[in-house]
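Visitor: Fold the following.
(2 chains)
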Amino acid sequence: MTRAFGRSFDVLVVGGGPAGMAASVHAAECRLRVGLVDDNPNLGGQIWRGETTGTSDAAVWAERCRKAGVEALCGTRVFHHPAPGRLLAERGEEVYELSFEKLVLATGARERFLPFPGWTLPNVMGAGGLEALVKCGLPIAGKRVVIAGTGPLLGAVAVGLRRQGANVLAICEQASWISLIRFGGALLRQSQKLAQAVSLRRELAGVPFLANCWPLEAQGQEKLEAVVISRRGRVACDYLACGFHLVPNTELAQLLGCQIRKGYVQVDKFQQSSLAEVFCAGEPTSIGGLELSLIEGQIAGLAAAGRRQEAVRHFKQRAQLQGFAQALDRAFSLRLELQSLARPETIVCRCEDVPHRRLAVYQSWRAAKLQTRCGMGPCQGRICGPATEFLFHWKPDSVRPPIFPAQLRHMAGMARGEEAESKVVVGGDS
Amino acid sequence: MPETIVVMVNGKPITVPSGATVAVAVAMARSPCRRSVTGEVRGAFCGMGICFECRVKLDGKPHRSSCQILCRSGMEVTVDD
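Guide: Sure thing, here's the model as predicted:
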């Protein structure tokens, strides 16, 4: 039998990365009951994965969460919003009904992927994805890795993999040198970021950094054997780590009905969304990096706790960091040549194996979905949606529940959301 | 806590560091995770619970995202042949 476990909080935070941890700590230090939900096994999000022990910044924030009495629900994925003030979440075989007065969305961002021939081969992975696996124990020492795509994550991943002994053969950055030099100019106004960039570059001594360069094809039989990169040709390797900057995770915000503007959750200066009870912090509001996420999280946590005066104190620092977000957007915008990487037979939707040639005849995402099942698989268009937006200028549809695949018996419970707390949701055989 | 854990991947014992995710065990078994709807082999891709390429059968339960679940001693992981 499946039971819905009920939990109620003054402030519920979704997403356990820097923004979510900062929001949780600041709300909980106001003596409120705070819940923090994340679908990974540990707190830290993607950027602090595996770093929440020891003496790192991540560990300091994790310790503050514990001291402040934040109830962390890890391995728990929100999939539905059945009624105002409630969310449903799955944790393994269990379903949770989470009630809240105020909600803070800190759902982070994912990598943007663009289809090119061979990108579905095993060992072609996201750049952040490969680093995540390495942080989770994948042995990478001595493996030959090519890193390709765009954005500052590429260099950070290269450093992380090199520290674990990877043989990073090249970093291929699609942006031009002119864009990168302009971006360097923006860094000059951010001393902390500049110091990070300089130390990153020093650690990557000996690794070729190729601007104006992108992957043309991944080759191999049952798994990756080589990658062909523009201007350089074929490079034999064990892994291709690729990512084309980041896209915000706004699905839950959309499900709740928050206003979205130019792909981001619209918030006011208190990080409050168009819905009075919903706040949003970090990458869903703009792709601006770790420091901005932390500040936004603190503001959101304080504002959600009703401490607006204290939140105001962080405004100045946030304004300084927001300039960096704009510089990122400008420097790492995608070049149009990348639209023609996919061949007619190249798969665009990995869940339903829909090739480019079947999609190119449609005018809209909706038409393509209905006719080809593109975007209808388990990832619900999270991978192919941003790709088709770039390839075909399609705009995604509205979001419908469940926003992540959920077990049927838990879905059946959705209809009974009003009475779910501490009651049997639906009979199951496990 | 022991420093390593042994899990079974398609009946083969694989030793992983403690704290490893199931996706790591599958990779260390030199095995892909699944076959796609047209039969292509696929392995972990996004590494963060978004793409669902890494789903496997875990202790008999299908469609588990192997990149988001920690290995437990004696776990039975089944991937598509």
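
Visitor: what residue ranges in the chain score low on pLDDT?
Guide: Chain wasn't specified; assuming chain A. Within chain A, the ranges that satisfy pLDDT under 70 run A:1-3, A:412-430.

Visitor: looking at chain B here, not the other one
Guide: For chain B, the ranges with pLDDT under 70 are B:1-2.

Visitor: Helices of that one, start to end?
Guide: B:22-28 (DSSP state H).

Visitor: got the residue ranges for the strands in it?
Guide: Assigned by DSSP state E, the strands in chain B fall at B:4-9, B:12-17, B:34-35, B:41-42, B:55-58, B:61-65, B:76-78.

Visitor: Show residues contacting the second one.
Guide: Contacts of strand B:12-17 with the rest of the structure, by C-beta atoms under 8 Å, 6 or more residues apart in numbering or on different chains, involve A:137, B:3-8, B:24-25, B:28-29, B:71. In short, each C-beta sits where N, CA and C put it, glycine included.

Visitor: follow-up on the earlier one: who wins for proximity to A:Ala281 among the strands of chain B?
Guide: Nearest to A:Ala281 among the strands of chain B is strand B:61-65; the distance by C-beta to C-beta comes to 25.1 Å.

Visitor: What residues of that closest one count as buried?
Guide: Residues B:64-65 are the ones in strand B:61-65 that count as buried (16 or more other C-beta atoms under 10 Å in any protein chain shown).

Visitor: Adjacent strands (with direction) for it?
Guide: As defined by DSSP bridges, the strand partners of strand B:61-65 come to strand B:55-58 (antiparallel).

Visitor: Can you select the buried ones among the contacts of strand B:12-17 for me in ChimeraX?
Guide: Only the buried entries of those go into this ChimeraX selection, using 16+ other C-beta under 10 Å:
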select /A:137 /B:5,7,8,24,25,28,29,71
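
Visitor: Just name the closest of the contacts of strand B:12-17 to A:Gly165, please.
Guide: The closest of the contacts of strand B:12-17 to A:Gly165 turns out to be A:Gly137 (C-beta to C-beta; 13.6 Å).

Visitor: Let me see the domain layout of chain A.
Guide: A:2-110+A:247-328, A:113-244, A:342-392 (automatic domain parsing).

Visitor: Is it possible to get a markdown table of those domains that adds distance to B:Arg34?
Guide: Output for the domains of chain A, formatted as a markdown table (distance: least, C-beta to C-beta, whole Å):
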| stretch | distance to B:Arg34 |
| --- | --- |
| domain A:2-110+A:247-328 | 20 |
| domain A:113-244 | 10 |
| domain A:342-392 | 11 |
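
Visitor: Tell me which of those sits most buried.
Guide: Highest mean neighbour count among those (mean count of other C-beta atoms under 10 Å in any protein chain shown): domain A:2-110+A:247-328, with a mean of 21.

Visitor: starting at the chain centroid, how far to it?
Guide: 13 Å (C-alpha atoms, centre = their mean, to the nearest Å).

Visitor: Which one of the strands of chain B lies nearest to A:Thr52?
Guide: Closest approach to A:Thr52 among these is made by strand B:12-17 (16.8 Å; C-beta to C-beta).

Visitor: Measure how that closest one sits relative to strand B:4-9, angle-wise.
Guide: 150 degrees (axes from the mean of the first three to the mean of the last three C-alpha atoms, to 10 degrees).

Visitor: Next one: B:Met8 relative to B:Val16, how far apart?
Guide: 11 Å (C-beta to C-beta, to the nearest Å).

Visitor: I misspoke; the intended subject was A:Leu98.
Guide: 32 Å.

Visitor: same check, this time on A:Lys67
Guide: A:Lys67 is 32 Å from B:Val16, by C-beta to C-beta.

Visitor: do the same with A:Phe404
Guide: 26 Å.

Visitor: more crowded one of the two?
Guide: Counted by other C-beta atoms under 10 Å in any protein chain shown, A:Phe404 and B:Val16 do not tie: B:Val16 has more neighbours, with 26 against 22.

Visitor: who touches the closest residue to the more buried one other than its chain neighbours in this structure?
Guide: Computed as C-beta to C-beta, 6 or more residues apart in numbering or on different chains, the closest residue to B:Val16 that is not its neighbour in sequence is B:Ala25, at 4.9 Å. The contact partners of B:Ala25, taken as C-beta under 8 Å, 6+ apart, are B:7, B:9, B:14, B:16, B:66, B:71, B:75, B:77.

Visitor: cool, A:Ala367 as well?
Guide: With C-beta under 8 Å, 6+ apart, A:Ala367 has no contacts at all.

Visitor: does it sit in a helix or strand, and which one?
Guide: With secondary structure defined by DSSP states H and E, A:Ala367 is part of helix A:365-372.

Visitor: Output the contacting helices and strands for the longest helix seen in chain A.
Guide: In terms of residue count, the longest helix belonging to chain A (DSSP H) is helix A:315-331. For helix A:315-331, the packing partners by 3 or more C-beta pairs under 8 Å, 6 or more residues apart in numbering or on different chains; DSSP states H and E come out as helix A:177-188, helix A:290-304.

Visitor: Past the longest one, which element shows up next along the chain?
Guide: What it means is helix A:290-304. Where DSSP H and E defines the elements, the next helix or strand beyond helix A:290-304 is helix A:308-312.

Visitor: what about stretch A:402-415, distance to the chain center?
Guide: Using C-alpha atoms, centre = their mean, the offset of stretch A:402-415 from its chain centre is 23 Å.

Visitor: That stretch close to chain B?
Guide: Yes - on the criterion C-beta under 8 Å from any C-beta of the partner chain, stretch A:402-415 is in touch with chain B at A:Pro405.

Visitor: With only the CA atoms kept, save that stretch in PDB.
Guide: Output of stretch A:402-415 as PDB, limited to C-alpha atoms (Å, rounded to 0.1, in the frame of the first residue of the first chain):
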ATOM      1  CA  PRO A 402       3.200  15.500 -13.800                       C
ATOM      2  CA  ILE A 403       6.300  17.600 -14.500                       C
ATOM      3  CA  PHE A 404       8.500  14.500 -14.100                       C
ATOM      4  CA  PRO A 405       7.600  10.900 -14.700                       C
ATOM      5  CA  ALA A 406       5.900   9.600 -11.700                       C
ATOM      6  CA  GLN A 407       4.600   6.100 -10.800                       C
ATOM      7  CA  LEU A 408       1.100   5.400 -11.900                       C
ATOM      8  CA  ARG A 409      -0.200   4.800  -8.400                       C
ATOM      9  CA  HIS A 410       1.300   8.100  -7.200                       C
ATOM     10  CA  MET A 411      -0.400   9.800 -10.200                       C
ATOM     11  CA  ALA A 412      -3.700   8.200  -9.200                       C
ATOM     12  CA  GLY A 413      -3.200   9.900  -5.900                       C
ATOM     13  CA  MET A 414      -3.100  13.300  -7.700                       C
ATOM     14  CA  ALA A 415      -6.800  13.300  -8.100                       C
END
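
Visitor: So what touches stretch A:268-276?
Guide: A:104-105, A:253, A:256-259, A:265-267, A:278-281, A:285, A:296, A:299-300, A:303, A:308, A:311, A:315.

Visitor: how about the residues of chain B that lie near chain A?
Guide: B:16-17, B:19-21, B:23-24, B:27-28, B:32, B:36-38, B:40-53, B:55, B:63, B:67-70.
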